[in-house]
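> this is a predicted model, with the sequence first.
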Amino acid sequence: MLWAFFGMLIAIIVLNEVLFYYGEKKLSYGVQTDKNVYEIGEEITLTPVIENRKILSIPFLTVTEYYGEKFSESQNTYHLFVMPLQRITLEHKIHGKERGLHTLDGAQLKMTDLLGFHNKFLEKAINQEVIILPRRKNIRELIMPFDSLHGAVSVKRWIVDDPLMLRGVREYTGRESQRYIHWPSSLKHQRILVKQFDFTTDRSAMVFLSMESSRPYWKDPDVEALEESIITARAVLEELMKERIPAGFSSNGYNAKTDNGGVSFPPGLSPKNLEKYTMLLGKMGVIVSESLETSLKKISRNRSSFQVVVLIVPKVLKEHVVPINEFSKNGKLVLIAMREDHLTEISGNVRIYKGRDFCAAEDT
């Protein structure tokens with residue numbers, strides 16, 4: 001009996017060592033998501049898949065997945081006994097807390113032998129990217145007119161024409177009809193001035209998002225205003241599409257993980273355009289490819305492709321005032337700034353809106 005006992009003990013020890021030694025062989029692990037793009041707070045379904053492609057079992061396997069602080073859970077741990085030639089599919093749900101392009105960090109697989117003598121750790125990369133879109137809000141919740149002359153927030157007022165509503169005069173650019181020349185003002189100022197109506201007949205818009213909140217851009221960026229600008233850009237684009245107004249999107253900001261520079265897309269009405277724009281806003285980083293002045297010069301070259309430019313900025317810097325005023329002479333410009341810096345220095349030709357949340361905070 002004693003020999004039988006020792007024989008069984010030796011057999012168990014040998015089996016224990018064999019199972020432990022070959023435990024990581026032909027073992028695969030991965031995580032899939034049900035899709036790649038989500039709203040903030042939307043449920044993300046993770047599907048871990050563990051496959052043991054050998055005839056030996058894995059007695060004790062502990063998996064710890066690391067998601068990062070941008071999600072509702074930073075990590076998740078579970079324990080498994082994996083049979084020979086077994087494929088295990090699990091399901092776990094989390095949600096994103098912040099906008100951005102996030103990568104699930106990875107996982108640690110801990111294997112323990114039958115007798116608890118040994119531990120082995122394996123690090124596995126998940127390599128699963130998830131885009132969390134900017135928070136969806138109504139445009140009227142985000143911005144308000146800088147002064148009472150501009151009335152309620154309505155994208156139609158930026159686009160659709162009503163020749164009965166004269167807002168003032170502006171310089172003649174050569175593209176206006178002669179019947180719109182305001183002769184009394186032209187004679188008074190010794191230059192040709194045209195009537196500026198409250199609306200415009202042409203129906204297309206270019207939304208430009210500037211990610212420049214400081215000079216240089218990487219020094220003390222206004223993160224709150226930048227994030228609110230991104231949210232506002234989405235609201236404006238969705239409102240334009242809702243009103244069946246062709247909208248393009250351009251920005252001098254980008255994410256270094258996926259892009260090499262700023263983006264620019266011409267106006268269109270396809271739902272896929274809006275989907276593409278919101279994805280870009282979701283993964284938008286804080287790196288700036290060029291200054292706002294340079295971007296405005298590029299837009300000026302294609303100014304005939306659209307009739308109104310909606311310029312969204314976290315704040316107007318001192319260096320922005322002259323370029324914005326010059327740009328406004330070439331056509332209709334709507335300026336949306338999250339903060340009120342230097343807005344009083346902007347030309348009267350520009351329709352100006354300010355961020356509600358920031359103005360309320362600054363007034364208190």
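Yep, it's here.

> what segments of the stretch 51-200 of the chain are helices?
Assigned by DSSP state H, counting those that start in this stretch, the stretch 51-200 of the chain shows helices spanning 139-142, 155-159, 183-189.

> those: lowest mean pLDDT?
Of all the helices of the stretch 51-200 of the chain, mean pLDDT reaches its minimum on helix 155-159 (a mean of 62).

> pull the contacting residues for residue 121.
Applying CB atoms under 8 Å, 6 or more residues apart in numbering, we find residue 121 in contact with 108-111. (Each C-beta comes from the backbone N, C-alpha and C, glycine too.)

> so which one among those residues has the lowest pLDDT?
Lowest pLDDT among the contacts of residue 121: residue 111, 88.

> relative to residue 124, how far out is it?
Residue 111 sits 12 Å away from residue 124, going by CB to CB, to the nearest Å.

> per-domain residue ranges of the chain.
1-132, 166-197, 205-354 (the TED database).

> residue 141 is nearest to which of these?
domain 205-354 (8.0 Å; CB to CB).

> that closest one spans what distance, first to last residue?
The first and final residues of domain 205-354 sit 19 Å from each other (CA to CA, to the nearest Å).

> try stretch 133-143
Termini of stretch 133-143 sit 20 Å apart (CA to CA).

> quick check: buried residues in it?
For stretch 133-143, the neighbour count (16 or more other CB atoms under 10 Å) marks 133-135, 139, 142-143 as buried.

> of all those residues, which two lie farthest apart?
Counting by CB to CB, the most remote pair of those is 133 and 143, 19.3 Å apart.

> still on that earlier bit, for the domains of the chain, which one sits closest to residue 147?
From the domains of the chain, taking CB to CB, the stretch that ends up closest is domain 205-354, at 7.3 Å.

> kindly provide the whole-number mean pLDDT of that closest one.
On average, domain 205-354 scores 92.

> so how far is it from its chain's centroid?
13 Å (CA atoms, centre = their mean, to the nearest Å).

> what's residue 26 in contact with, if anything?
Residue 26 touches 52-54, counting by CB under 8 Å, 6+ apart.

> pLDDT wise, what is it at?
The model's pLDDT for residue 26 equals 88.

> equivalent analysis for the one 3 residues further on, please.
What the model reports for residue 29 is a pLDDT of 95.

> equivalent analysis for the one 4 residues further on, please.
The predicted structure scores residue 33 at 96 on the pLDDT scale.

> I figured it hits residue 126, correct?
No: shown here, residue 33 and residue 126 do not form a contact pair, counting by CB atoms under 8 Å, at 9.8 Å.

> of those two, which one has the most company?
residue 126 (20 against 17; other CB atoms under 10 Å).
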